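Q: The sequence and its predicted three-dimensional model are supplied below.
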Amino acid sequence: MIQRYTWRTGILEAVMIVVALIFFFPAYILINQSLRRSNDQAAPFALPTTITFDNYGDAWTQGFLGNALVNSATVTVVATLVLVVFGAMAAYPLARVTKAWSRVAFAVFMIGLLLPFQLALIPLYVTMRDLGLLGTVWSLVLFYIGLQMPFTVFLYTSFLRALPAEYEEAASIDGAGPYQSFWSVIFPLLRPVTGTVVILDVIFIWNDFLTPLLYLSGSGQMTVPVTLYSFVGQYVSQWNLVFAGLVISIAPILLVYFLLQRTVIQGFASGLKG
Amino acid sequence: MAVGLPTVQPASSAAAGASPARRRSSSRVPAIWVFLLPAAALYAFIVLWPSLQGAGLAFTDWDGLSADRNFVGLEQFRTVFGDDKARAAVGRTLLIAFTITIVQNLVGLLLALGVNSRIKSRNVLRVLLFAPAIITPVATAYLWQNLLSPNGAINSVLQTVGLGSLRRNWIGDSDFALWSICLVIVWQFAGYSMVIFLANLQGISAEVIEASYVDGAGPFRRFFSIIRPELAPAITINLMLSIIGGLKLFDQVWVMTGGGPGGSTDTMSTLIYKNAFQFGDFGYGIAMALVLTLLVAVLSAGQYALLNRQNRG
């Protein structure tokens, strides 16, 4: 093996660790500030004079973060589930039927990957308003299912195209109908790409801001990013409180990330290549 | 043709016409539609139809409230491009997109090369450097708003290391606000570019790399002659993602500056939001959104064609 750990590798290691520390400096400040009393005189990067967890309790109750986490979780889970089921179903004919209409249908789905949602934003807002859906998380569930469908269909179709059709053919010879062979043969085979779909859709939906800001502002059903926005608007100078709120709101997604790091990173790296 | 979808097999149903056969066919023919329709309908309702509406309404005097609307041709675009703020926002959005695309991918590539080595901390570093990319942009924007504030940690560190003269009101000064936002985006998403470069780097065969050692190529030679040409797929995806992301930028700008100070960080997206939902001028917002759509289409198509030609040549 030519690539051994040499003194050059040692220097690279040191440089990379310094770079990582610089990258993590903001995270250090975030935690540090969230554990301070508001009258702490220590410099922003120095350790807190006294450590307190009061900010977390206050942010939780004053910021309605519990409610926001429930709303975000509802939107994310329901929308992702529907995306997985409908996306995988749609990919089946799109990947297996080779007729012209199927290719056209796939191309129409792919247009959605390029269209910036800003174009649909205003007409869709008016439609949601006229349907009386604004102010409820269900408008968002509907929105994310439609918005993320092209990407979901793209991932499933690409995966399914690379999957040999023999399994379904065997099932079909055994007398299984299209629904049965889809649910009992194909869908289980899609498991790896379902993992990618779930990770990418969940992270996108959880973090999204502009549409929830439009649909839910001022309602009792705000998701985490909008809740943070209105919370900071209210407690703008109380950074210790705000930082505790930030920690609480990013904790769930970071927890998922650190538990499933390898899968998440692979999902982001491979999902986009298709 | 798929055997698993008997719907497209003609034999059992087409010729017969007798009622039992027809019933059987009608219960089987729709299978394709049962699979396709839910996704297609939701996609059409949320994305396709409103986008078409938006593209059409941009040429009318629609105000978002009344059903009444008249074709006015390019009138809305004339209003938008007659507005200094809008012209500046288009230029600024392009500037942000290009800056982010170049800096984020350069940093991401260097990080990827760094962790794609023999260093012992490589696995930990990959996980840590990618972490910012999955965090809610609203949260990272607030964090940085504080870090970059006059009494924030960045100025405090500059003071401590003897660079007190570099202290700035990073976000409050219109000369620095835009670059501060770019810095935040690069910090958050460089790890994203890194992960995509890394996946590509790991696919390069070890033999090719080792051969370059045998031939005595130095690290720079090795990178530009051997590795760079192999990175074409990652470069294409990364450039596409950051250009589109930069053009659509809203969250970080809205949270950190709201487009200020004095409109110096307004992007196309913040102007769409302000004009449509704060000033109630839906026509302006829709025309701006169509301009944004065209920019995204032209830049991604151009970028794709350019890289494709380069990869072949």
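A: Thanks, I have it. The model shown is predicted, which means the values in this text are computed figures rather than measured ones. Residues are numbered from 1 along each chain as shown, chains lettered A, B, ... in the order given.
Q: for B:Ser149, helix, strand, or coil?
A: coil (DSSP: H, G, I helix; E, B strand; the rest coil).
Q: quick one: pLDDT of the closest residue to A:Tyr179 other than its chain neighbours?
A: Closest residue to A:Tyr179 in three dimensions, ignoring its sequence neighbours and counting by CB to CB, 6 or more residues apart in numbering or on different chains: B:Ala31, at 7.1 Å. For glycine as for every other residue, the C-beta is placed from the backbone atoms N, C-alpha and C. For B:Ala31, the pLDDT comes out at 83.
Q: before we move on, what about the one 5 residues further on?
A: Among the per-residue scores, B:Leu36 shows a pLDDT of 94.
Q: count of residues packed around it?
A: 23 (other CB atoms under 10 Å in any protein chain shown).
Q: thinking it is in contact with A:Ala105, fair?
A: Yes - counting by CB atoms under 8 Å, A:Ala105 is a contact partner of B:Leu36 at 6.9 Å.
Q: Would you check how far apart the one residue in chain B that gets nearest to chain A and A:Gly146 are?
A: Residue nearest to chain A within chain B (CB to the nearest CB): B:Ile46, separated by 2.3 Å. As judged by CB to CB, to the nearest Å, B:Ile46 and A:Gly146 stand 2 Å apart.
Q: buried residues in the longest helix belonging to chain A?
A: Scanning chain A for the helix with the most residues, using DSSP state H, yields helix A:65-96. For helix A:65-96, the buried set under the neighbour-count rule, 16 or more other CB atoms under 10 Å in any protein chain shown, comprises A:65, A:68-69, A:71-72, A:74-76, A:78-80, A:82-84, A:86-96.
Q: show me what contacts B:Ala58?
A: Residues near B:Ala58 by CB atoms under 8 Å, 6 or more residues apart in numbering or on different chains: B:Gln76, B:Phe77, B:Gly283, B:Ile286, B:Ala287, B:Ala289, B:Leu290.
Q: shaky segments in chain B?
A: By pLDDT under 70, the low-scoring segments of chain B are B:1-30, B:310-313.
Q: Near residue 147, how many other residues are there?
A: This is for chain A. Neighbours of A:Leu147 (other CB under 10 Å): 27.
Q: meant chain B, my bad for not saying
A: Neighbourhood size, B:Leu147 [other CB under 10 Å]: 25.
Q: repeat for B:Asp68
A: The burial count for B:Asp68: 9, using other CB under 10 Å.
Q: Surely it forms part of a helix?
A: No - applying three-state DSSP, one finds B:Asp68 to be coil, outside a helix.
Q: who's in contact with it?
A: Taking CB under 8 Å, 6+ apart, one finds nothing in contact with B:Asp68.
Q: Against B:Ile286, how distant is it?
A: For B:Asp68, the distance to B:Ile286 equals 16 Å [CB to CB].
Q: just B:Ala141 next, same as before
A: 26 Å.
Q: same thing with B:Thr136?
A: Going from B:Thr136 to B:Ile286 by CB to CB gives 28 Å.
Q: Ok, B:Gln76 next?
A: 7 Å.
Q: The two: which has the busier surroundings?
A: B:Ile286 (30 against 24).
Q: Are we agreed that the more buried one is in a helix?
A: Yes - under three-state DSSP, B:Ile286 falls within a helix.
Q: any low-confidence regions in the stretch 151-274 of chain A?
A: The stretch 151-274 of chain A contains residues with pLDDT under 70 at A:271-274.
Q: Enumerate every residue touching the residue positioned nearest the centre of chain B.
A: Taking CA atoms, centre = their mean, the centroid of chain B lies closest to B:Gly245, which sits 2.2 Å from it. Neighbour list for B:Gly245: B:Ala97, B:Ile100, B:Ile185, B:Phe189 [criterion: CB under 8 Å, 6+ apart].
Q: Over to A:Val84?
A: Counting by CB under 8 Å, 6+ apart, A:Val84 makes contact with A:Thr152, A:Thr194, A:Val197, A:Val198, A:Asp201.
Q: mind checking the SS state of the residue of chain B closest to chain A?
A: helix.
Q: That one and A:Phe143 touch, don't they?
A: Yes - under the criterion of CB under 8 Å, B:Ile46 makes contact with A:Phe143 at 5.9 Å.
Q: Which one of the two is surrounded by more residues?
A: Neighbour totals were compared for B:Ile46 and A:Phe143, and A:Phe143 leads with 28 against 24 (other CB under 10 Å).
Q: right, and the secondary structure at the more buried one would be what?
A: helix.
Q: Okay, B:Gln252 and B:Leu178: tell me how far apart.
A: B:Gln252 sits 11 Å away from B:Leu178, going by CB to CB.
Q: Between those two, which is the more surrounded one?
A: The neighbour count for B:Gln252 versus B:Leu178, taken as other CB under 10 Å, is higher for B:Gln252 (24 against 20).
Q: Look up phi and psi at the more buried one.
A: Main-chain torsions, B:Gln252, degrees, to the nearest 10: phi -60, psi -40.
Q: Tell me how many other residues surround the closest residue to it other than its chain neighbours.
A: Among residues not flanking B:Gln252 along the chain, B:Ala141 sits closest, at 4.5 Å (CB to CB, 6+ apart). Burial of B:Ala141 is recorded as 25 neighbouring residues (other CB under 10 Å).
Q: In which helix or strand does B:Ala141 reside?
A: Using DSSP states H and E, B:Ala141 sits in helix B:137-147.
Q: following that helix, which helix or strand comes up?
A: helix B:153-160.
Q: From the contact counts, what lies against that following helix?
A: Judged by 3 or more CB pairs under 8 Å, 6 or more residues apart in numbering or on different chains; DSSP states H and E, the packing partners of helix B:153-160 are helix B:137-147.
Q: if we go to 6 Å?
A: Helix B:153-160 sits against no helix or strand, with contacts defined as 3 or more CB pairs under 6 Å, 6 or more residues apart in numbering or on different chains; DSSP states H and E.
Q: Now stretch A:219-238 - C-alpha only, PDB.
A: Provided in PDB are the C-alpha atoms of stretch A:219-238 (Å, rounded to 0.1, in the frame of the first residue of the first chain):
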ATOM      1  CA  SER A 219     -52.400  30.600  13.800                       C
ATOM      2  CA  GLY A 220     -52.200  28.100  16.700                       C
ATOM      3  CA  GLN A 221     -50.700  25.400  14.400                       C
ATOM      4  CA  MET A 222     -47.300  26.900  13.500                       C
ATOM      5  CA  THR A 223     -44.400  24.600  12.700                       C
ATOM      6  CA  VAL A 224     -41.000  25.000  14.400                       C
ATOM      7  CA  PRO A 225     -39.300  27.400  12.000                       C
ATOM      8  CA  VAL A 226     -42.300  29.800  12.000                       C
ATOM      9  CA  THR A 227     -42.600  29.500  15.800                       C
ATOM     10  CA  LEU A 228     -38.900  30.400  16.100                       C
ATOM     11  CA  TYR A 229     -39.400  33.400  13.800                       C
ATOM     12  CA  SER A 230     -42.300  34.800  15.900                       C
ATOM     13  CA  PHE A 231     -40.600  33.900  19.100                       C
ATOM     14  CA  VAL A 232     -37.400  35.800  18.200                       C
ATOM     15  CA  GLY A 233     -39.500  38.700  17.000                       C
ATOM     16  CA  GLN A 234     -40.900  38.900  20.500                       C
ATOM     17  CA  TYR A 235     -37.800  38.300  22.600                       C
ATOM     18  CA  VAL A 236     -35.400  39.900  20.300                       C
ATOM     19  CA  SER A 237     -32.800  41.100  22.800                       C
ATOM     20  CA  GLN A 238     -33.000  38.100  25.100                       C
END
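Q: how about the residues of the stretch 51-200 of chain B near chain A?
A: Counting by CB under 6 Å from any CB of the partner chain, the stretch 51-200 of chain B comes close to chain A at B:51, B:53-54, B:64, B:114, B:117-119, B:125, B:127-128, B:130, B:134-136, B:138-139, B:142-143, B:146-147, B:153, B:156, B:195-196, B:199.
Q: Just the buried ones from these, in ChimeraX syntax?
A: Selection of the buried residues among those in ChimeraX, burial being defined by 16+ other CB under 10 Å:
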select /B:51,53,54,64,114,117,119,125,127,128,130,134,135,136,138,139,142,143,146,147,153,156,195,196,199
